[in-house]
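**Student:** only geometry, no sequence info:
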């Protein structure tokens, strides 16, 4: 019940296309859903995050869509660029819990 | 600019050695974390600390210990390194709980 399942494991998208990464969870107590971006040789960095009181959050080309009833959330990258090539992690946590539960990661490659 | 510094980028140790991984943050953050990152498994929390001299076990504390004598420094200790501890180790800090973690660049530890 503590798991966050992330898919796909890897993704190749043409430049200018839309990249979509999905995550699913079971624990209905989760109330914070961040996405982190990790470039090779670097630690992950917070990209965007959402709480379940909204169904969508947009920051530039990055959008989180949240479906509370389906217990799913997804990251959409519009107009994907080669510089977006990285590994993306979804995560979830509940309340003031210090522990984030992480997805397994998605390696995204944007082809020029 | 925010900075989390891990002492070594690469480390090679022998089975049975005692290993120290050091992490320093310059943001006056209360919370610090140690994760290990393995392909296909995402990030798994080893230990975290929400105050000086305070520590809490994460999901996989076995074989590890930590020390936080000063607010800015959080050390991970492998008492007797084993080959299954070969991994990427990531240190992170945050101002408030699990929101917006700042990660170091990681230490790739190989235990032979």
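**Tutor:** That came through, no problem. In this text, all values refer to a predicted model and were calculated from it rather than measured experimentally. Residues are numbered from 1 along each chain as shown, chains lettered A, B, ... in the order given.
**Student:** quick one: low-confidence parts of chain A?
**Tutor:** A:1, A:96-97 (pLDDT under 70).
**Student:** who's in contact with whichever residue of chain A sits closest to chain B?
**Tutor:** Nearest to chain B, among the residues of chain A, is residue A:43, at 2.7 Å (C-beta to the nearest C-beta). Heads up, the C-betas are built off the backbone N, CA and C, glycines and all. Residues in contact with residue A:43 (C-beta atoms under 8 Å, 6 or more residues apart in numbering or on different chains) are B:4, B:90, B:92, B:103, B:104, B:105, B:106.
**Student:** among those, which one sits closest to chain A?
**Tutor:** residue B:103 (2.7 Å).
**Student:** for that closest one, give the beta-bridge partners.
**Tutor:** residue B:92 (DSSP bridges).
**Student:** quick one, what contacts it?
**Tutor:** Counted by C-beta under 8 Å, 6+ apart, residue B:103 has contacts A:42, A:43, A:44, A:45, B:4, B:90, B:91, B:92.
**Student:** surely the last one is in contact with residue B:37?
**Tutor:** No. Using C-beta atoms under 8 Å, residue B:92 and residue B:37 do not qualify as a contacting pair, with a distance of 11.2 Å.
**Student:** what's the neighbour count on residue B:101?
**Tutor:** The tally of other residues near residue B:101 (other C-beta atoms under 10 Å in any protein chain shown) stands at 27.
**Student:** quick one: it from chain A, how far?
**Tutor:** 7 Å (C-beta to the nearest C-beta, to the nearest Å).
**Student:** pull the contacting residues for the nearest residue to that residue once chain neighbours are set aside.
**Tutor:** Leaving aside its sequence neighbours, residue B:101 sits nearest to residue B:92 (C-beta to C-beta, 6 or more residues apart in numbering or on different chains; 4.2 Å). Going by C-beta under 8 Å, 6+ apart, residue B:92 touches A:43, B:4, B:32, B:33, B:35, B:101, B:102, B:103, B:104.
**Student:** quick check: pLDDT value at residue B:92.
**Tutor:** At residue B:92, the pLDDT value in this model is 96.
**Student:** what about residue A:94, how many residues nearby?
**Tutor:** By other C-beta under 10 Å, neighbour count at residue A:94 equals 15.
**Student:** correct me if wrong: it contacts residue A:26.
**Tutor:** No. Between residue A:94 and residue A:26 there is no contact under C-beta under 8 Å: 12.0 Å.
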